[in-house]
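In: only the shape, not the letters, is given here:
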Ligand SMILES: Nc1ncnc2c1ncn2[C@@H]1O[C@H](COP(=O)(O)OP(=O)(O)O)[C@@H](O)[C@H]1O
Ligand SMILES: Cc1ncc(COP(=O)(O)O)c(N)n1
């Protein structure tokens with residue numbers, strides 16, 4: 001039996017809802033063997049981010065080498081990268097190990113407003129990492145910052161997706177959680193450089209959405225690691241995050257985490 005291997009290069013969330021912790025839980029639930037390289041340690045809970053401690057580029061590179069030289073990876077996800085130095089270091093390592101199935105979640109700002117990427121590093125993300133992205137998964141505010149345009153309509157989103165492909169990403173999945181229209185329905189838009197595909201779901205009225213972006217991108221990564229195409233991976237990720245949001249755990253006093261075992265429990269009870 002072949003084992004799907006998935007690597008996440010991201011920040012640690014002590015609260016367990018986002019970052020490395022969300023990624024590894026999601027990989028495990030979708031039956032991919034999870035590995036990690038930590039870019040920063042955050043002291044974080046459902047109320048916000050209390051501290052950020054970035055790792056040195058040596059520490060990031062050494063963790064990635066440990067995996068590249070031994071276990072290998074079928075798909076890789078990047079999340080919080082914090083600084084231009086870490087972005088450049090990660091980009092070099094992705095090229096060194098010739099990892100192609102790379103999901104770039106361009107994490108910039110935590111739900112509570114804390115900056116998880118330095119503002120001056122957006123350019124490095126665009127120049128060094130987007131050309132290596134097999135899939136990039138911005139939310140609407142991230143897509144606006146990456147493309148220097150305001151996104152209001154679905155047509156704006158399509159234009160931004162075309163720009164992101166022009167910057168070098170092979171696929172764009174633009175998440176609709178932050179749709180300014182706050183419609184009852186959320187549309188996540190996939191663009192493969194040729195066609196657009198819309199993935200629609202019911203918007204749940206909940207504050208427990210800490211880590212939704214990480215979890216969604218990690219689910220795409222796990223499916224790619226198993227050999228599925230992007231067009232097959234996105235609906236699985238969508239069902240995974242929908243279940244994780246709907247079957248909420250009610251943890252913490254603020255923006256609580258999603259339920260990473262909900263998708264499996266639903267399938268088991270079918
Ligand atoms: N309230 C919600 N109800 C249902 N799905 C949601 C909700 N909020 C976000 N999602 C889904 O979670 C995923 C992450 O979306 P989003 O919140 O836009 O990203 P991020 O966490 O990066 O800001 C997307 O697939 C989106 O459709
Ligand atoms: C370490 C870390 N990485 C990423 C996020 C973003 O979380 P979200 O998925 O809610 O945008 C976070 N809050 N913390």
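Out: Good, I have the coordinates. Not measured: the values here are computed from a predicted model. Numbers count the residues shown, from 1 in each chain. Ligands and ions are numbered 1, 2, ... in the order given.
In: mind checking pLDDT for residue 108?
Out: Confidence at residue 108, expressed as pLDDT, is 95.
In: now do the same contact list for whichever residue of the stretch 101-250 of the chain sits closest to ligand 2.
Out: Nearest to ligand 2, among the residues of the stretch 101-250 of the chain, is residue 213, at 3.3 Å (C-beta to the nearest ligand atom). (Glycine included, C-beta is placed from N, CA and C.) Counting by C-beta atoms under 8 Å, 6 or more residues apart in numbering, residue 213 makes contact with 18, 105, 107, 137, 139, 175, 177.
In: using ChimeraX, define a selection of the buried residues within those.
Out: Applying 16 or more other C-beta atoms under 10 Å to those, the buried members can be selected in ChimeraX as follows:
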select :18,105,107,137,139,175
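In: rewinding a little: host element of the residue of the stretch 101-250 of the chain closest to ligand 2?
Out: Element membership for residue 213 (DSSP states H and E) is helix 212-225.
In: hang on, the earlier thing: so of the contacts of residue 213, which ones are in strands?
Out: Assigned to strands by DSSP state E, none of those qualify.
In: just to revisit the earlier point, from ligand 1, how far out is the residue of the stretch 101-250 of the chain closest to ligand 2?
Out: Computed with C-beta to the nearest ligand atom, to the nearest Å, the distance linking residue 213 and ligand 1 is 2 Å.
In: pLDDT at that residue, what is it?
Out: So residue 213 comes in at 97 (pLDDT).
In: cool, and residue 182?
Out: Reported pLDDT for residue 182: 66.
In: okay, the angle between the host helix or strand of residue 238 and helix 212-225?
Out: According to DSSP H and E, residue 238 maps onto helix 230-246. Angle, helix 230-246 to helix 212-225, by axes from the mean of the first three to the mean of the last three C-alpha atoms, to 10 degrees: 140 degrees.
In: whether helix 230-246 contacts ligand 1 - can you check?
Out: Yes. Helix 230-246 is in contact with ligand 1 by C-beta under 6 Å from any ligand atom, via 238, 241-242, 245.
In: so residue 217 sits right up against residue 102, yeah?
Out: No. The pair residue 217 / residue 102 is not scored as a contact, 11.0 Å apart, by C-beta atoms under 8 Å.
In: and for these two, which residues touch both?
Out: Jointly contacting residue 217 and residue 102 under the rule C-beta under 8 Å, 6+ apart are 77, 135.
In: could you check which of the two is surrounded by more residues?
Out: More crowded of residue 217 and residue 102, by other C-beta atoms under 10 Å: residue 217, with 30 against 25.
In: roughly how far does the more buried one sit from residue 255?
Out: 18 Å (C-beta to C-beta, to the nearest Å).
In: what's the pLDDT at the closest residue to ligand 1 within the stretch 1-150 of the chain?
Out: Nearest residue of the stretch 1-150 of the chain to ligand 1: residue 139, at 3.7 Å (C-beta to the nearest ligand atom). Reading off the confidence values, residue 139 has pLDDT 96.
In: how near is it to residue 111?
Out: Using C-beta to C-beta, residue 139 is found at 10 Å from residue 111.
In: flag every buried residue along the strand ranked longest in the chain.
Out: Using DSSP E to assign secondary structure, the strand with the most residues in the chain is strand 33-45. Counting neighbours by 16+ other C-beta under 10 Å, one finds that the buried residues in strand 33-45 are 33-42, 44-45.
In: do the same with stretch 222-241
Out: Buried-residue list, stretch 222-241, by 16+ other C-beta under 10 Å: 222-226, 228, 230, 233-234, 236-241.
In: likewise stretch 11-20?
Out: Buried, per 16+ other C-beta under 10 Å, within stretch 11-20: 11-13, 15-20.
In: how close does residue 83 sit to residue 240?
Out: 30 Å.
In: would you map the strands across the chain?
Out: Counting by DSSP E, the chain has these strands, from start to end: 5-13, 33-45, 48-54, 75-78, 102-104, 135-136, 171-174, 185-191, 196-202.
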